[in-house]
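J.: Sequence first, then the predicted structure:
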Amino acid sequence: LNGKIYSARIYNRALTEEEIKQNCEVDSARYGINLYELTSNTSYGTVTSSNEIDAYKAFDGNTETSWTSNSEENYILWQMPEEKTVTGFKIYGSSESSKYPKEVELLGSKDGENYDSLVTSELEQKGLNEYNSIQIETNKYDSYKYFKWKFKNDGNEISINEISFDIYDVARKIFKDSDN
């Protein structure tokens, strides 16, 4: 958002996670906010991977490019400039369907050392411009600075054309009855 305020809303009640998502979607569409299409491994935070080659291509907004890895443990790690909340993501298929992962696990970390598993999902084989959509359970929502996607396949080689995700700057305070 580059220091700009695009909208402000004041409510006399706490919003549900769904209402927060809807507000973010409306603002993104209204103001054309899309900051997370990468042009390099350091264009927004730092993206690294198991093979250290062009990891940003999994997030460049272009399904014509791809990230490919042939490591024993295939992963992409994105260190954000500040903590964010991811609520779901899509993994787009590859033109080489045998390299599309069978399983993905998304992990989050506040410090880059200790990771929480946010979701693990088996993936259906997808071709070019097709995707698997994975949602994170609301009880797993939290803000993290590091997000790590770990992929498994029958062989070691992985190819992904794009990962798009729902990411929010969510400031939340949970009130207990004793806070009144």
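T.: Okay, I see it.
J.: pLDDT weak spots in this structure?
T.: Along the chain, the model assigns pLDDT under 70 to residues 1-8, 24, 27-37, 169-180.
J.: just the strands in it please.
T.: Counting by DSSP state E, the segments of the chain that form strands are 46-49, 67-70, 74-92, 103-109, 115-122, 131-135, 144-152, 157-160, 162-168.
J.: Can you give me the neighbour number for the closest residue in space to residue 23 that isn't next to it in sequence?
T.: Once its chain neighbours are removed from consideration, residue 23 has its nearest residue in residue 9; the separation is 6.6 Å (Cβ to Cβ, 6 or more residues apart in numbering). The way it works is simple: take the backbone N, C-alpha and C, and place the C-beta from them, glycine included. For residue 9, the number of neighbouring residues by other Cβ atoms under 10 Å comes to 8.
J.: so how many other residues sit close to the residue lying closest to residue 126 once chain neighbours are set aside?
T.: Counting by Cβ to Cβ, 6+ apart, the nearest residue to residue 126 once its immediate chain neighbours are dropped is residue 93, at 3.2 Å. Around residue 93 sit 25 other residues, with neighbours defined as other Cβ under 10 Å.
J.: Would you check that residue 93 makes contact with residue 163?
T.: No: with the criterion set as Cβ atoms under 8 Å, residue 93 and residue 163 do not qualify as a contacting pair; they are 11.5 Å apart.
J.: residues in contact with the residue nearest to residue 126?
T.: Residue 93 is in contact with 100, 125, 126, 127, 128, 129, 130, 131, 161, counting by Cβ atoms under 8 Å, 6 or more residues apart in numbering.
J.: Distance-wise, check it relative to residue 108.
T.: According to Cβ to Cβ, to the nearest Å, residue 93 and residue 108 sit 25 Å apart.
J.: now swap in residue 98 and tell me
T.: Computed with Cβ to Cβ, the distance linking residue 98 and residue 108 is 30 Å.
J.: Looking only at neighbour counts, state which of those two leads.
T.: Neighbours were tallied for residue 98 and for residue 108 using other Cβ under 10 Å; the higher tally belongs to residue 108 (24 against 11).
J.: My read is that that one contacts residue 147, right?
T.: Yes: with contacts counted by Cβ under 8 Å, residue 108 reaches residue 147, the gap being 5.8 Å.
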